[in-house]
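Peer 1: When you get a sec, could you give me coordinates for this:
(chains A and B)
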Amino acid sequence: MNNILTQIGIENYIFLSVVLFCIGIFGVLYRRNAIIVFMSIEIMLNAVNLLFVAFSTYHQDAQGQVFVFFSMAVAAAEVAVGLAILVSIFRNLGSISIDNLKNLKG
Amino acid sequence: MSTVLIIFCVLAAITLSTAFLTVFSRNPIHSAIYLVICFFSVAGHYLLLNSQFLAIVHIIVYSGAIMILFLFTIMLMNLNREDEVHKPRFTRLGAIVSFCLVCLVLIKIFIDSKPIVEYNYTGEDYQSIKVLGKVLLNEYMVPFEFASILLLVAMIGTVLLSKKEKLKK
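Peer 2: As a prediction, the model looks like this:
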């Protein structure tokens, strides 16, 4: 399975990750539960990571995979801090519907 | 149709359907479970692209750490209810329309674009754990250390954020 991209084609991977990214956008726009919004952001990050790995294989270069490694570290940090913020929001407001968070609205 | 292509199609179908179910299911616990399946199928894609290290790291970090974090947060907030009020119909319609438009535009862009570099397989080893470790710890030594600092700062910030505030007198 070495010449995998000659059998599958980079286009299929591009389409897959584009659709996955759009599902993430859709989730952010559609739901108002903040946890589901977070999960949609994770889906978007995963779509980009998948494209990074596919192009790393296409160019036969390890640097794309190193970049994915760093983006995973950033995603882990982001999720930890974001969920802590959500917990404190829940403690103060009693719900995590994002419609309650409009104090900054002018 | 070769076997690899069939495996790819099955994995892609699992990824997309579970991602959709993550967005659509009412119960947050169900969303989390579907997201775990989605992450596992993405790890399958990584394995298909022969990047073993990233597949294992993806399973450990995403399906292990992040999803446990999500599940524990859902449990802490006791969100296991299905009484979420939905957005107004106008907003939902806007979400669907913008989803279709973004999908259409991106796919059209990628169909019309021409590849700059042609893919020719040279057989060079570039993604085994040995090579990746050398790249990571030689060229990317400083960012690697900064990633550890970032994780440490995130840990301290999380502890500070989730501590209960003392009542001011």
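Peer 1: use CA for all of it now, contacts and neighbours both
Peer 2: OK.
Peer 1: quick one: low-confidence parts of chain B?
Peer 2: Scanning chain B for pLDDT under 70 picks out B:1, B:79-87, B:167-169.
Peer 1: Can you tell me the centre-most residue of it?
Peer 2: With distances taken as C-alpha atoms, centre = their mean, the residue of chain B nearest its centroid is residue B:39 (6.2 Å).
Peer 1: Return the distance of that residue relative to chain A.
Peer 2: Distance of residue B:39 to chain A, computed by C-alpha to the nearest C-alpha, to the nearest Å: 8 Å.
Peer 1: nearest spatial neighbour of that residue, skipping sequence neighbours?
Peer 2: Nearest non-adjacent residue to residue B:39, counting by C-alpha to C-alpha, 6 or more residues apart in numbering or on different chains: residue B:63, 6.3 Å away.
Peer 1: Check for me that that neighbour belongs to a strand.
Peer 2: No - applying DSSP: H, G, I helix; E, B strand; the rest coil, one finds residue B:63 to be helix, outside a strand.
Peer 1: Might one say that it is in contact with residue B:41?
Peer 2: No - the criterion here is C-alpha atoms under 8 Å, and residue B:63 misses it with residue B:41 at 10.6 Å.
Peer 1: quick one: residue B:93 from chain A, how far?
Peer 2: Between residue B:93 and chain A the computed distance is 9 Å (C-alpha to the nearest C-alpha).
Peer 1: ok, back up a step: check the secondary structure at the residue nearest to the centre of chain B for me.
Peer 2: Residue B:39 falls in the helix class when you classify it by three-state DSSP.
Peer 1: and the helix or strand of chain A with the lowest mean pLDDT, what does it pack onto?
Peer 2: Within chain A, no helix or strand scores below helix A:4-8, which has a mean of 76 by mean pLDDT, DSSP states H and E. Applying 3 or more C-alpha pairs under 8 Å, 6 or more residues apart in numbering or on different chains; DSSP states H and E, we find helix A:4-8 packed against helix B:3-24.
Peer 1: Is there proximity between the helix it packs on and chain A?
Peer 2: Yes - Helix B:3-24 is in contact with chain A by C-alpha under 8 Å from any C-alpha of the partner chain, via B:4, B:5, B:8, B:12, B:16, B:19, B:20, B:22, B:23.
Peer 1: who wins for most neighbours among these?
Peer 2: Using other C-alpha atoms under 10 Å in any protein chain shown as the neighbour test, those are led by residue B:22, with 29 neighbours.
Peer 1: Let me see the contact set for that residue.
Peer 2: A:36, A:39, B:30, B:31, B:32, B:34, B:35 (C-alpha atoms under 8 Å, 6 or more residues apart in numbering or on different chains).
Peer 1: before we move on, the earlier item: so which of the residues of helix B:3-24 next to chain A is the closest to residue A:94?
Peer 2: Checking these against residue A:94 with C-alpha to C-alpha, the nearest one is residue B:23 at 22.7 Å.
Peer 1: Sweet, I'm off.
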